[in-house]
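Enquirer: The sequence and its predicted three-dimensional model are supplied below.
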Amino acid sequence: MNNKITLKMSRFPQLIGDLTHSNQFLKIFAFTSLISTGLCLLILFVLVNKPPVVLTMANDARLLEKTTPPKLEDQIKMVTFRYIEKRYNWNPSNVKQRLDEASYFIHPASIKAYWKGVNEVERFSKEKMVSQRVYPENIKIDQKTKSIQITGDRVTSIQGLRAAGDLNLVLYYSLGNINLENPWGIYIIKEEERL
C-alpha cells in the first residue's frame, strides 16, 4: 500500500491577495471618480452663475456694440430739450406740426389739457403772425418731486417786431410706456410758466 500524503497548498492567501489588490483598485477608482465629479460640479456652478450673454443684432444681422444705458437724469434732459424744441420753437407756418410733435411727450391723462392750451397758441400764432424761439440755459431736475426747472431766454416776434423775455418754466414728468415717438418713456404731465 502506498500511502502517500500529498500536501495541497491552500488558495486562501492567494484569494486574500487578489481581494486586497481589487480593493485597492476600487479605492483608487472611487477617489478618482469623486475628484472628477467634484470638478464637474464646480465648473457647472461657475457656468450657471455667469450672467447670460445677450447678443444684440441690428435689422441687417450685424452685431451691435455693447453699451451701458444712459442715466435717468440724462434721459430726462434729452426729453426736456426735445419737448422744448417742439413746444416752444415755432412760426405761423409750422406751429401746428410742432405742437403735434410735442404732444408725443405729453402723458395720455394730460393730453386734453395740453390741446386746450395749445389750440389757443396755434390760433393766435396764425392770426397775428407770431413766431417764438426759446434758448434754455439752465435745467435743474428734481427726481423726488419729479419736476424740471428750466430757465433761459425767449424771443417772440409779432408781425416782424421782436421782443426778448425770460423763460422760467417748470415741467412735471412721469415715467410711462416706451414707443417709437417717445423712446425714453418720459412724459410731461403738467407745465407751469412762472414770472
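Expert: That came in fine, so what should we check first? Residues are numbered from 1 along each chain as shown.
Enquirer: Ramachandran coordinates for residue 67?
Expert: Torsion angles at residue 67 (phi, psi; degrees, to the nearest 10) stand at phi -130, psi 160.
Enquirer: try residue 76
Expert: Phi and psi for residue 76, reported as degrees, to the nearest 10, are phi -60, psi -40.
Enquirer: Any idea how many residues pack against it?
Expert: 20 (other CB atoms under 10 Å). Backbone N, C-alpha and C define where each C-beta goes, glycine included.
Enquirer: Check the secondary structure at the nearest residue to it once chain neighbours are set aside for me.
Expert: Closest residue to residue 76 apart from its sequence neighbours, by CB to CB, 6 or more residues apart in numbering: residue 141 at 5.3 Å. Local secondary structure at residue 141 is given as strand here, using DSSP: H, G, I helix; E, B strand; the rest coil.
Enquirer: Repeat that for the one 4 residues further on.
Expert: Under the three-state scheme (three-state DSSP), the conformation of residue 145 reads as coil.
Enquirer: contacting residues around it?
Expert: If a contact means CB atoms under 8 Å, 6 or more residues apart in numbering, then residue 145 has residue 172 as its contacts.
Enquirer: gap between it and residue 167?
Expert: Between residue 145 and residue 167 the distance is 20 Å, computed by CB to CB, to the nearest Å.
Enquirer: swap in residue 120?
Expert: Using CB to CB, one gets 19 Å for the distance from residue 120 to residue 167.
Enquirer: Tell me which of these two has more neighbours.
Expert: Using other CB under 10 Å, the more surrounded residue of residue 120 and residue 167 is residue 167, with 19 against 10.
Enquirer: In the beta-sheet assignment, what are the partners of the more buried one?
Expert: Under the criterion DSSP bridges, residue 167 forms beta bridges with residue 152.
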